[in-house]
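1. Below: sequence and its predicted model.
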Amino acid sequence: MPAQEAPYTVMGASAGAGDLAIYHRLATTKANQDLTVMVHQVNSAEVWGQAHNQSGLHPAVKAFYGPLPVGLDGIEFETSLPPTSGRPVQGVVHAWYASSNHAGLVPGNSAFAFIPVLIRHVRYMGPLELQRGVDVAL
């Protein structure tokens with residue numbers, strides 16, 4: 001994910017403006033949420049997402065509402081952008097769809113949506129990550 005100039009404006013809000021809600025994404029051993037992706041997210045202040053099953057029809061950023069659970073690897077972030085539908089519920093996955101203007105399409109790669117975020121915490125302690133892992137509150 002290339003770094004891009006910030007802040008971005010989506011639906012009239014940018015990261016750091018207005019009321020911020022806390023969300024998290026869990027780490028996986030797949031390329032969509034591994035240590036490399038986490039580094040890109042911290043550097044770009046963006047979280048990206050694809051369409052379900054990579055169909056490309058409706059790219060969306062997906063994340064759980066609430067803080068990163070203790071003992072689980074992933075990222076915790078804040079955003080002022082509300083998810084596309086529904087009220088945030090603790091532990092439930094919410095989505096920001098680019099087709100509804102709740103997320104932007106990544107310039108030059110319309111298969112991905114993005115939202116501007118403030119990264120709060122990263123934890124990657126799993127066996128496939130750094131020797132001693134990383135657990136940093138930002």
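-> Sure thing, it's come through.

2. quick check, F114 in a helix?
-> No: using DSSP: H, G, I helix; E, B strand; the rest coil, the secondary structure at F114 is strand, not a helix.

3. Touching, it and G108? I think so.
-> No: counting by C-beta atoms under 8 Å, F114 stays clear of G108, with 11.8 Å between them. Backbone N, C-alpha and C define where each C-beta goes, glycine included.

4. Please say which of the two ends up with more neighbours.
-> It is F114, of F114 and G108, that has more neighbours when counted by other C-beta atoms under 10 Å, with 26 against 8.

5. Run through the bridge partners of the one residue sitting closest to the centre of the chain.
-> Most central in the chain under C-alpha atoms, centre = their mean is V47, positioned 3.1 Å from the mean C-alpha point. Judged by DSSP bridges, the bridge partners of V47 are I115.

6. pretty sure it contacts R25?
-> Yes: with contacts counted by C-beta under 8 Å, V47 reaches R25, the gap being 6.9 Å.

7. Phi and psi next, for N43.
-> phi -70, psi -30 (degrees, to the nearest 10).

8. What's the per-residue pLDDT of it here?
-> On pLDDT, N43 comes in at 90.

9. A13 now?
-> The model's pLDDT for A13 equals 37.

10. Ok, P83 next?
-> pLDDT, read off for P83, is 91.

11. What of V70?
-> V70 is assigned 92 on the pLDDT scale.

12. ok, S100 - contacts?
-> By C-beta atoms under 8 Å, 6 or more residues apart in numbering, S100 lies in contact with T84.

13. typo on my end, it should be G66
-> Residues in contact with G66 (C-beta under 8 Å, 6+ apart) are 22-24, 90-91.

14. In a markdown table: the residues you listed, plus neighbour count.
-> A markdown table is the format used below for those (neighbours: other C-beta atoms under 10 Å):
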| residue | neighbour count |
| --- | --- |
| I22 | 19 |
| Y23 | 27 |
| H24 | 20 |
| Q90 | 9 |
| G91 | 9 |
